[in-house]
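[1] I need the structure of the sequence given here:
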Amino acid sequence: LAAAYAGLSAPVRAFVDGLRAEHRLGVGYQPRPGDDTYLRHLLDHQVASVHPLVRVHPESGERVLYVNGYYVEQIAGVSRPESAALLEMLLEQAVRPEYTVRFRWEPGSVAFWDNRATIHLAPSDNAHLGHPRVMHRVMLHGEVPVGVDGKPSEPVTGTEARRW
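    This is a model prediction of the structure:
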């Protein structure tokens, strides 16, 4: 997402540097037919925070787009239509082929990615392989995201700062 940010034009980078967005667990979740226990869990355990739209990576210092269609609810301070248009543009930028990696699994493969600078998207074109997709997720404790202006993210509901 650092490359996706760098690929934006200078005026757009300058504009999004100061924006913040509400991230809410499950915003982009597509409900399954019938009684969806996972959706009920998301709604009963809502977690939301306001994060910078561009965060500064704590180790590399790079500016990184901090958008994700599964979590971003609304850009703060702009109307819903403006927010939707801006988020659509930024998400399209984030998933352009030149900014993506496709990992090719082999027996014994293990993959790690830095969620501070990536969007994980499970491929949907693997049903023909005849093997179930099994994933074990481990989340490491990290730092609170900080924007270009030096301001950290702020919790809205469901958790205190520095906890998921």
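
[2] can you give me the strands for the protein?
    For the chain, the strands defined by DSSP state E cover 20-24, 48-52, 54-56, 63-65, 72-75, 154-157.

[3] In CSV, could you pull the C-alpha coordinates for the first one?
    In CSV, the C-alpha atoms belonging to strand 20-24 read as follows (Å, rounded to 0.1, in the frame of the first residue of the first chain):
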residue,chain,number,x,y,z
ARG,A,20,-9.4,10.3,8.5
ALA,A,21,-11.9,7.5,8.2
GLU,A,22,-14.0,5.4,10.5
HIS,A,23,-13.1,1.7,10.3
ARG,A,24,-15.8,-0.6,11.6
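
[4] on that earlier part again, lowest mean pLDDT across the strands of the chain, which one is that?
    Mean pLDDT per stretch puts strand 154-157 lowest among the strands of the chain, at a mean of 84.

[5] Output the contacting helices and strands for it.
    If contacts are counted by 3 or more C-beta pairs under 8 Å, 6 or more residues apart in numbering; DSSP states H and E, strand 154-157 sits against strand 48-52. All C-beta atoms are positioned from the backbone trio N, CA, C, and that covers glycine.

[6] hmm, back to that, which one of the strands of the chain lies closest to residue 145?
    Proximity to residue 145 (C-beta to C-beta) singles out strand 54-56 among those, at 4.4 Å.

[7] So which bits of that closest one are buried?
    Neighbour-count burial for strand 54-56 flags 54-56 (criterion: 16 or more other C-beta atoms under 10 Å).

[8] what does stretch 113-124 give?
    Here stretch 113-124 shows 116-119 as buried, counting by 16+ other C-beta under 10 Å.
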